[in-house]
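>>> Below are the sequence and a predicted model; questions follow.
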Amino acid sequence: MKLTFPLFILVFLSFAACKSSDKKDEKQAGGGKNKPPGKVEAFLVTPSTLEQDIEMPGSLMPAEETELHPEVSGRVTGIYFNEGSNVGQGAMLVKLYDGDLQAQLSKLRVQLKMAQETLGRYEALLKIGGVSVQEVETYKLSVNNIRADISIVQTGIARTSLRAPFSGKLGLRNISIGAYITPATTISTLRKVSQLKMEFTVPEKYGTGMKPGGRVEFTIENSKKMYAARIIATENNIAEETRSLKVRAVVDKADADLIAGAFVKVKIDLGKNDSALLIPSQAVIPKARNKQVIVYNSGIANMVNVTTGIRDSSMVEITSGLKAGDTIIITGLLTTKQGSKIIISKVNKP
């Protein structure tokens, strides 16, 4: 009976504490509901003229390029070019030892002369009936066989000479007089630099615009001079790794500043769009699977999925998701959520 009164006091104090806590929570909740709308800056979506072009990296390459290898193995007896020199098509570059083949050729020529003389005597005897037709035909076959052997040896001698397959500029020499080389030996490289080609890649969505005969422009490092090239071909498939298409073009004019292997920036003109919707790049919110912008609608923020197009340093093209006249939010993006109340403090225009 003595414990009843303290227990009653404890229950009363607990009930009072709960009521006080409920009132505090209600006060805090009421304060959240009365939170003032956020002030943000907006941008009015207006059709603009867009010069559609893209800039892609590329590289220059010679119109023709090949490594020079001998056709047969042998000892080098002559080198007839200087490193870095220009040569014409058919010019002698390297000669291999052919003494044994020359000896065979001399022997066959002597045999041919004797066989032809013998054939001449037999043909004269045939006219007076001194020999049979079969004997004459046998000597004719012998003459023809020797001629065929001479052609084979001459072909072997020709293969000991390396000649320039086309006119161009030679690279560094990798052999010396007296060296024994094989078809696997790289003697030098030959490049046709009087005309240059250019290779670059474009994103998959622009691949259909890369038609043979199309024109592109490009610049090189440390120069503002603009050069022109003509598209000659494209690869026959899209690269799966990069989703891009390889394009090859021919440079219009040779220039001393253009060197094979140089890095270039290719500018591709995709035409002009007079009704493009451009918005500040900062207004686009990247998501895991899409991109969004916040559209102002009667004081409420509305998250809208968009598709972007061409982009520059400050603006980006919107190809779907917005229409002319929409007002989008460009500040306070991190604190503004779907359905948030907002007040526009300033409207920017293109």
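Thanks, I have the structure now. Please read these numbers as outputs of a predicted model, since none were measured by experiment.
>>> And the closest residue to residue 146 other than its chain neighbours, how far from residue 179?
Leaving aside its sequence neighbours, residue 146 sits nearest to residue 112 (Cβ to Cβ, 6 or more residues apart in numbering; 4.5 Å). Using the backbone N, CA and C atoms, a C-beta is placed for each residue, glycine as well. Distance, residue 112 to residue 179, using Cβ to Cβ, to the nearest Å: 35 Å.
>>> Return the residues in contact with residue 180.
Applying Cβ atoms under 8 Å, 6 or more residues apart in numbering, we find residue 180 in contact with 73, 74, 75, 76.
>>> Write the PyMOL selection for whichever of the residues you listed are buried.
Listed next is the PyMOL selection for buried residues among the contacts of residue 180, using 16 or more other Cβ atoms under 10 Å:
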select buried, resi 74+76
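>>> Looking at the contacts of residue 180, which is nearest residue 103?
Distance to residue 103 across these (Cβ to Cβ) is lowest for residue 74, with 15.0 Å.
>>> these two touch, right, the closest one and residue 95?
No - with contact defined as Cβ atoms under 8 Å, residue 74 does not reach residue 95; the gap is 9.3 Å.
>>> Any chance you could list residues touching both of those two?
residue 160.
>>> the more surrounded of residue 112 and residue 179?
More crowded of residue 112 and residue 179, by other Cβ atoms under 10 Å: residue 112, with 18 against 13.
>>> what secondary structure does that one sit in?
Here residue 112 is helix, with the state taken from DSSP: H, G, I helix; E, B strand; the rest coil.
>>> now it: how far from residue 80?
In terms of Cβ to Cβ, residue 112 sits 31 Å off from residue 80.
>>> now the helix or strand containing residue 108: how far from the chain's centre is it?
Using DSSP states H and E, the element containing residue 108 is helix 99-127. On the basis of Cα atoms, centre = their mean, to the nearest Å, helix 99-127 sits 61 Å off its chain's mean C-alpha point.
>>> Now for the closest residue to residue 90 other than its chain neighbours: which residues touch it?
Counting by Cβ to Cβ, 6+ apart, residue 90 lies nearest to residue 163, which is 5.3 Å off, once chain neighbours are set aside. Applying Cβ under 8 Å, 6+ apart to residue 163 gives the contacts 90, 91, 92, 93.
>>> Quick check: the gap between residue 95 and residue 189.
For residue 95 relative to residue 189 (Cβ to Cβ), the value is 19 Å.
>>> likewise residue 304?
57 Å.
>>> what's the answer for residue 266, then?
Counting by Cβ to Cβ - residue 266 and residue 189 are separated by 26 Å.
>>> Low-confidence regions, the stretch 1-150 of the chain specifically.
1-35 (pLDDT under 70).
>>> in it, which spans are strands?
38-44, 47-68, 74-79, 86-87, 92-96 (DSSP state E, counting those that start in this stretch).
>>> distance between the longest one and the chain's centre?
Strand 47-68 has its average C-alpha position 8 Å from the chain's average C-alpha position, going by Cα atoms, centre = their mean.
>>> which residues does residue 250 contact?
By Cβ under 8 Å, 6+ apart, the neighbours of residue 250 are 63, 195, 196, 197, 198, 229, 230, 232.
>>> Now residue 61: closest residue in space, sequence neighbours ignored.
Counting by Cβ to Cβ, 6+ apart, the residue nearest residue 61 is residue 197, at 5.0 Å.
>>> and that neighbour, that's in a helix?
No - per three-state DSSP, residue 197 lies outside any helix segment and is strand.
>>> if I look at it, how far off is residue 183?
Taking Cβ to Cβ, one finds residue 197 at 28 Å from residue 183.
>>> Looking only at neighbour counts, state which of the two leads.
residue 197 (20 against 9).
>>> Can you say which helix or strand has residue 267 in it?
Residue 267 belongs to strand 263-280, assigned by DSSP H and E.
>>> Parallel or antiparallel, which strands does that strand pair with?
With DSSP bridges as the test, strand 263-280 is paired with strand 47-68 (antiparallel), strand 215-220 (antiparallel), strand 315-320 (antiparallel).
>>> What pairs with the helix or strand following it, parallel or antiparallel?
Using DSSP H and E, the helix or strand that follows strand 263-280 in sequence is strand 285-286. As defined by DSSP bridges, the strand partners of strand 285-286 come to strand 291-297 (antiparallel).
>>> packing partners for the helix or strand that the strand it pairs with is followed by?
Scanning forward in sequence from strand 291-297 by DSSP H and E, the next helix or strand is strand 300-311. Contact analysis of strand 300-311 by 3 or more Cβ pairs under 8 Å, 6 or more residues apart in numbering; DSSP states H and E lists strand 47-68, strand 291-297, strand 315-320 as its packing neighbours.
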